[in-house]
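Student: Below is the structure, and that's it, no one-letter string:
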Ligand SMILES: C[S@@+](CC[C@H](N)C(=O)[O-])C[C@H]1O[C@@H](n2cnc3c(N)ncnc32)[C@H](O)[C@@H]1O
């Protein structure tokens, strides 16, 4: 027995952190890593592309069911492999010193979108119980490649220069400024920020040392001067984070806090505004939208999506935005001030829904006729809020999601409660990363 295992060991090294193994990469997983197998065990491989053969360094092997590794050499390259858009994140570098935040930067843009489509379809099938149906496998590939829509201008710019918000970190020992390395908190000095808007690139203190500072947030609002918000070590706030800055979507102005939530891609606010407006337009055409009902914009931030609802439904729309951050609610109130029927509330969504569930029958009836738009943070609405939504039973739910697995889990709950998924779109508003945004429309049966 001992003999056999030592022979097995000699022909195929065990997966120990630090060892290097050759892997056939076959699929894509949620989280920006590819999937390979090593002696039956799943290995999640960073910086590879499905279809490639790579040599990879094992980084984690504690669990029996899976291990993690990072590509260090590409043995058979995919036709979609490109020179990394960020030299400091290249596969040629030692994995520990590769800059994080551009984990798809070595993949052709169209293939990035196809991989994201695959992740969404897999998540919807495994966790949502929804099968994307097409006639045959060849068509499925085309469908997935088209499922995730590019943002305007990204094809021309190769997906670069889009970020209007960037967070850098400061090395507490040396004061050096840079992004974290992938999967660690090591600060990696970089010469450039290729994903950032050029106004951010101009003010980024990449050559400076900043002792005593812990985070450097760079913000380039579309209708205001770019700025830098410094987070001091050991302190929570950042000077200037509550300053109002101005954003423009075509000719419509929005006020947001410099340190508050606003979509990161220059085109993302317009893309999501238009997508939600179109979804509401669809519900109006189907006779399913009641502008006078109890309509809600949950996790509403500065009111972007309530404004999109109003663009479709008209100025008579009744809508309440619910947002936990008081300063964002102030902005929402300002941004929706021309809508007489708009109300901006500061509240946690679960608490506010609990209150609504206890409301009098006529209020509940208005909510039942209403449409809920929700745009939760990465963790999704989650089981508790989804259960509250089901109990509230609005006519329609328009769910904007930045995590496909969280969306898929909530999709299962909604479908089990009698909602039909009638629309699904996805948007590549984070090129060169594994992130993307989805929009799902649910209608109560
Ligand atoms: C993804 S952002 C969406 C904002 C807005 N819809 C937009 O597109 O600009 C999520 C927002 O939810 C807020 N938030 C997070 N957890 C919350 C909760 N439990 N209740 C209410 N708001 C929450 C955050 O402050 C943030 O503004």
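Tutor: Looks like it came in fine. These numbers were taken from a predicted model, which means no experiment stands behind them.

Student: all strands in the stretch 201-350 of the chain, in order from the N-terminus.
Tutor: In the stretch 201-350 of the chain, the strands defined using DSSP state E, counting those that start in this stretch lie at 213-219, 227-232, 244-249, 252-257, 295-298, 319-323, 342-346.

Student: Distance of residue 312 relative to the ligand?
Tutor: Look at residue 312 and the ligand: by CB to the nearest ligand atom, to the nearest Å, they are 16 Å apart. (Glycine included, C-beta is placed from N, CA and C.)

Student: Then residue 269?
Tutor: Taking CB to the nearest ligand atom, one finds residue 269 at 7 Å from the ligand.

Student: buried stuff in stretch 383-396?
Tutor: 385, 386, 388, 389, 390, 392, 393, 394, 395, 396 (16 or more other CB atoms under 10 Å).

Student: ok, residues contacting that stretch?
Tutor: 283, 288-290, 293-294, 296, 349-350, 353-354, 356-357, 364, 367-372, 374, 376, 381, 397, 409-410, 413-414, 417, 419, 441-444 (CB atoms under 8 Å, 6 or more residues apart in numbering).

Student: For residue 16, which residues are in contact?
Tutor: 58, 61.

Student: what separates it from residue 67, distance-wise?
Tutor: Note on residue 16: its distance to residue 67, by CB to CB, to the nearest Å, is 9 Å.

Student: And residue 380, by the same measure?
Tutor: 27 Å.

Student: Please work out how many residues are found near residue 418.
Tutor: 12 (other CB atoms under 10 Å).

Student: ok, it to residue 381 distance?
Tutor: Counting by CB to CB - residue 418 and residue 381 are separated by 17 Å.

Student: Residue 347 too?
Tutor: Residue 347 is 15 Å from residue 381, by CB to CB.

Student: The two - which one has more neighbours?
Tutor: The neighbour comparison of residue 347 against residue 381 (other CB under 10 Å) goes to residue 381, with 29 against 16.

Student: is residue 196 in a bridge, and if so with what?
Tutor: Note on residue 196: beta-bridge partners residue 163, judged by DSSP bridges.

Student: what residues are up against it?
Tutor: Contacts for residue 196 (CB under 8 Å, 6+ apart) come out as 161, 163, 166, 204, 218, 220.

Student: wait, doesn't the first one sit right on residue 198?
Tutor: In this case it means residue 161. Yes. The criterion here is CB atoms under 8 Å, and residue 161 meets it with residue 198 at 5.8 Å.

Student: So those two - more neighbours on which side?
Tutor: residue 161 (18 against 11).

Student: Surely the more buried one is within a strand?
Tutor: No. Residue 161: not assigned to a strand; according to DSSP: H, G, I helix; E, B strand; the rest coil it is coil.

Student: give the contact list for it.
Tutor: 194, 195, 196, 197, 198, 201.

Student: one more time with 10 Å
Tutor: The contact partners of residue 161, taken as CB atoms under 10 Å, 6 or more residues apart in numbering, are 153, 154, 193, 194, 195, 196, 197, 198, 199, 200, 201, 266.

Student: Take those residues and keep only those in helices.
Tutor: Within the contacts of residue 161, residues falling in helices by DSSP state H are 198, 199, 200, 201.

Student: Can you tell me which of those residues is nearest residue 270?
Tutor: Residue 270 lies nearest to residue 199 out of the ones in helices among the contacts of residue 161, by CB to CB, at 18.0 Å.

Student: Report how many residues lie close to that closest one.
Tutor: The number of residues packed near residue 199 is 18, by other CB under 10 Å.

Student: Residue 124 now?
Tutor: Using other CB under 10 Å: residue 124 sits among 23 other residues.

Student: and it, that's in a strand?
Tutor: No. Residue 124 sits outside any strand when classified using three-state DSSP, being helix.

Student: Perfect, I'm done here.
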